[in-house]
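1. Everything below, folded, please.
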Amino acid sequence: QVKLVESGGGSVQAGGSLRLSCEFGGDSDVTHCMAWFRQTPGKEREAVASIDSDGSTTYADSVKGRFTTSKDRARGTLYLQMNSLKPEDTAMYYCAAAICARVPYYGYNYWGQGTQVNVSA
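-> Predicted structure coming up:
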């Protein structure tokens, strides 16, 4: 089992920055591949960023150059640094985890409870 707990959300003006954290614990194999997703009411959950077991990262086109994800395994924490925030970044942000071999076929199967980010114009 894996427990994921997000924090760091809040309200910020456009152009500002926030850093989200996701504390993880439990089965270490499951947290080798992790990701950030976001969702707004009435819309499907959107993948924002992911990080693999070798540290390689991917980003949605909408956040490239503005968001950076990193993982500190010693601290058991995944981060999402969000800069140059835009109103369209407003969403509930979730972290997710899975065994890496599972991800291409079944996606992520462990999720946090989410943290809300609000960006005002």
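
2. Who's the closest spatial neighbour of the spatially most central residue of the chain, skipping the chain neighbours?
-> Closest to where the C-alpha atoms of the chain average out (Cα atoms, centre = their mean) is residue 36, at 2.1 Å. Nearest residue to residue 36, sequence neighbours excluded (Cβ to Cβ, 6 or more residues apart in numbering): residue 48, at 4.4 Å. C-beta here means a position set from N, CA and C on the backbone, and glycine is covered the same way.

3. Surely the residue nearest to the centre of the chain forms part of a strand?
-> Yes. Assigned with DSSP: H, G, I helix; E, B strand; the rest coil, residue 36 falls within a strand.

4. show me what contacts it?
-> Contacts for residue 36 (Cβ atoms under 8 Å, 6 or more residues apart in numbering) come out as 20, 22, 47-50, 69, 78, 80, 93-96.

5. Nearest to residue 62 among those residues?
-> Nearest to residue 62 among those is residue 48, at 8.2 Å by Cβ to Cβ.
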